[in-house]
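In: Predicted model follows, preceded by the sequence.
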Amino acid sequence: MWPSLSSVAIFAVIGLSRCYDIKSTVHDEYIKIDENVTLILDVSGDFKPSQGRIHLYTVHKDLVEIVPADLPLNASPPWQFSVKALSPGHDILTLNYTGTDERINVDNAYVRLTLLRSYDLVTASVAIGWIYFVAWSVSFYPQVYENWKRKSVVGLNFDFLALNLIGFLLYSLYNCGLYWIPAIQAEYFNTYPKGLIPVQLNDIFFSLHAALLTVFTIFQCFIYERGEQAVSKVAKGIICLFAVVLGVAIILSWTASISWLQFLNVCGYIKLTITLIKYIPQAYMNFRRKSTVGWSIGNVLLDFTGGVLSMVQMIINADNYDDWNSIFGDVTKFGLGLFSVVFDMFFVLQHYVLYRTETVSTAKKRGMRILPNNLAIHIPREIETEKTGSALPLVP
């Protein structure tokens, strides 16, 4: 019996739709200068040798040497070739296919090449990365402990807390969206076909942990003495502005005017803006009170450690990969890190020099009055009290 016309059509469609995907067995490779690495191309399906040809090439012409640069497809897969690193940097190896078989697809045949001077510098960079990750993560606890020990949050600026909470919530949203939502990941790879998701599991842990600790610190503000402190009108206005921007971005994303990936980028930009301004209220409050009591110096020192090490890591990577453009070409990340470090240095100056605090034992020796929170402030001059006219050291 002759097959029906529909059966013939189905088999014809299946035959035409069969695709041979040529792809690299790895998509990322680290190569030291003057080192040769063998890479492999393979193909899916029962591919038969053909008369086609593959040409291998890179974005930059002087960073690597590829041997052979052309691979004939008349041999059975897999196909091997070697890559030699000539200069440090970043490159992408891709290929194009020349032939008549339209079923061959080479979209996944690429390798991101990281060309480096030293593997030891890579190890140092990774170690430094983990150290500053721990420093930044632990930096939230000294303030929590300080509040608990004093049973007071007087001296801790509420504008800083409010901005910090919004910043870390948006940062968490950005990280979780890129790491866990397939639709957003698909948008990212459509925009950057050969890119990597710029979020790792430790980024998610840090942002969620930071948001949680900030929420707990705000909870302490409700149960401990806070005096007359409150979120300022200026901070409320800034927060309302951020809310309007986020609201507009959500509507645009919901109506498909922009992608959800672009919405997450808006969240990231707001987080960067908050990083630029969040320390200002606390620094001004310390100046106005002439005191850093209530603002944990442990938080500052750990944040300073993390900030310095993050910049050291960037410098090591820039030297190892000859990628100084990552610092000077796009100053955003380095500049934000430097900005935070400068503020930390200013807080250290306020705490240890301008408004230096004394321990109970030292204060007693100097004859200073001790408050219930067991803190006193060293002032190089005495001030006259309005009620008695007597000279007393200034205490918070």
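Out: Sure, I can see it.
In: Remind me which helix or strand Lys271 belongs to.
Out: For Lys271, the host element (DSSP states H and E) is helix 260-277.
In: May I have that helix as CSV, with CA atoms only?
Out: Only the C-alpha atoms of helix 260-277 are listed here, as CSV (Å, rounded to 0.1, in the frame of the first residue of the first chain):
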residue,chain,number,x,y,z
TRP,A,260,11.4,43.0,32.8
LEU,A,261,15.2,42.9,32.5
GLN,A,262,15.1,46.7,31.9
PHE,A,263,12.9,47.0,35.0
LEU,A,264,15.5,45.2,37.0
ASN,A,265,18.1,47.6,35.6
VAL,A,266,16.0,50.5,36.9
CYS,A,267,16.1,48.8,40.3
GLY,A,268,19.9,48.6,40.0
TYR,A,269,20.2,52.3,39.1
ILE,A,270,18.2,53.3,42.1
LYS,A,271,20.4,51.1,44.3
LEU,A,272,23.5,52.8,43.0
THR,A,273,21.9,56.2,43.6
ILE,A,274,21.1,55.2,47.2
THR,A,275,24.7,54.1,47.7
LEU,A,276,25.8,57.6,46.7
ILE,A,277,23.6,59.4,49.2
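In: Going by neighbour count, list what's buried in it.
Out: Neighbour-count burial for helix 260-277, with 16 or more other Cβ atoms under 10 Å as criterion, is recorded at 260-261, 263-264, 266-268, 270-275. Every residue, glycine included, has its C-beta placed from N, CA and C.
In: neighbouring contacts of whatever helix or strand comes next after it?
Out: As assigned by DSSP H and E, the chain's next helix or strand after helix 260-277 is helix 279-289. Contacts of helix 279-289 with the rest of the structure, by Cβ atoms under 8 Å, 6 or more residues apart in numbering, involve 155-157, 159-160, 163, 232, 235, 292, 295, 340, 343, 346-347, 350, 355, 396.
In: can you give me the mean pLDDT across the helix or strand that helix 279-289 is followed by?
Out: Using DSSP H and E, the helix or strand that follows helix 279-289 in sequence is helix 297-320. On average, the pLDDT along helix 297-320 is 93.
In: Ile239: what's it in contact with?
Out: Going by Cβ under 8 Å, 6+ apart, Ile239 touches 162-163, 166.
In: Ala210 too?
Out: Contacts of Ala210 (Cβ under 8 Å, 6+ apart): 136-137, 140, 168, 171.
In: can you rerun that using 10 Å?
Out: Each residue near Ala210 by Cβ atoms under 10 Å, 6 or more residues apart in numbering is listed here: 136-137, 139-140, 164-165, 167-169, 171-172.
In: wait, is Asp91 part of a helix?
Out: No. When classified by DSSP: H, G, I helix; E, B strand; the rest coil, Asp91 is found to be strand rather than part of a helix.
In: I figured it was touching Leu56, is that so?
Out: No. Between Asp91 and Leu56 there is no contact under Cβ atoms under 10 Å: 11.9 Å.
In: ok so, going back, from the buried residues of helix 260-277, pick the one nearest Leu178.
Out: Closest to Leu178 out of these is Leu264 (6.5 Å), distances taken as Cβ to Cβ.
In: quick one, what contacts that closest one?
Out: Neighbours of Leu264 in contact, by Cβ under 10 Å, 6+ apart: 170, 173-178, 181, 184, 187-188, 249, 253.
In: On the pLDDT front, check the residue positioned nearest the centre of the chain for me.
Out: What sits nearest the mean C-alpha location of the chain, by Cα atoms, centre = their mean, is Asp203, with 6.5 Å. With respect to pLDDT, Asp203 has a value of 92.
In: Could you check how far it is from Thr275?
Out: Asp203 sits 15 Å away from Thr275, going by Cβ to Cβ, to the nearest Å.
In: before we move on, the earlier item: may I see the buried residues of helix 260-277 organised as JSON lines, with pLDDT and distance to Leu336 added?
Out: Shown next, in JSON lines, are the buried residues of helix 260-277 (pLDDT from 0 to 100; distance: Cβ to Cβ, whole Å):
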{"residue": "Trp260", "pLDDT": "95", "distance to Leu336": "24"}
{"residue": "Leu261", "pLDDT": "94", "distance to Leu336": "21"}
{"residue": "Phe263", "pLDDT": "97", "distance to Leu336": "21"}
{"residue": "Leu264", "pLDDT": "95", "distance to Leu336": "18"}
{"residue": "Val266", "pLDDT": "96", "distance to Leu336": "17"}
{"residue": "Cys267", "pLDDT": "95", "distance to Leu336": "16"}
{"residue": "Gly268", "pLDDT": "92", "distance to Leu336": "12"}
{"residue": "Ile270", "pLDDT": "95", "distance to Leu336": "13"}
{"residue": "Lys271", "pLDDT": "93", "distance to Leu336": "10"}
{"residue": "Leu272", "pLDDT": "91", "distance to Leu336": "6"}
{"residue": "Thr273", "pLDDT": "94", "distance to Leu336": "10"}
{"residue": "Ile274", "pLDDT": "95", "distance to Leu336": "11"}
{"residue": "Thr275", "pLDDT": "92", "distance to Leu336": "5"}
